[in-house]
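Enquirer: I need the structure of the sequence given here:
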Amino acid sequence: MKLMGLSCIFPSYHIRETAEYYRLKLGFDIVEYLQSEQPHICMYKDDIEIILTQANNEDIKPNRVLYGYGYDAYVYVKNQYELQEKLKNAGVKIVIPLTQTDYNNKEFVIEDIDGRWIAFGLKEQ
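Expert: Here you go, the predicted structure:
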């Protein structure tokens, strides 16, 4: 048996606003399934998929709030510096600039419109 991929599931109260943020700021393609039994929006960029689900309330709590630390997603990417600059120029909030971590990853972290922290990095060889 082979695992084929993984999608992050992000609840969002303002689901269309969140999708539009990802489209405009991060370059994702958006496909809406808001009339389905479980309303959601799929967002695609390269080999990444994030699924937004309709939250019942506005109080979205990211992992660092719920558990004291942690990112909400980790995206593996090369050329982190170029991506960081592109996102910064698009107005994306960089909460941790590009750094080498104590676990030997080179990464930076953004905060999305719902307060989630998403890291972009790769283990340095």
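Enquirer: next one: the longest helix seen in the chain to chain centre, how far?
Expert: Secondary structure assigned by DSSP state H gives helix 15-26 as the longest helix of the chain. Remark: helix 15-26 is offset 11 Å from the chain centroid, using Cα atoms, centre = their mean, to the nearest Å.
Enquirer: Run through who's touching it.
Expert: Helix 15-26 is contacted from outside by 10, 12, 28-30, 32, 34, 39-41, 43, 45, 50, 52-55, 87, 90-92, 112-114, using Cβ atoms under 8 Å, 6 or more residues apart in numbering. Every residue, glycine included, has its C-beta placed from N, CA and C.
Enquirer: So which bits of it are buried?
Expert: Neighbour-count burial for helix 15-26, counted by 16 or more other Cβ atoms under 10 Å, picks out I15, T18, A19, Y21, Y22, K25, L26.
Enquirer: Same question for stretch 31-44.
Expert: Using 16+ other Cβ under 10 Å as the test for burial, stretch 31-44 gives H40, I41, C42, M43.
Enquirer: Tell me which of those fall in strands.
Expert: Secondary structure assignment by DSSP state E places H40, I41, C42, M43 of the buried residues of stretch 31-44 in strands.
Enquirer: Could you work out the end-to-end span of stretch 55-74 for me?
Expert: One end of stretch 55-74 to the other measures 22 Å (Cα to Cα, to the nearest Å).
Enquirer: any idea how far K88 is from S7?
Expert: Counting by Cβ to Cβ, to the nearest Å, the gap from K88 to S7 is 26 Å.
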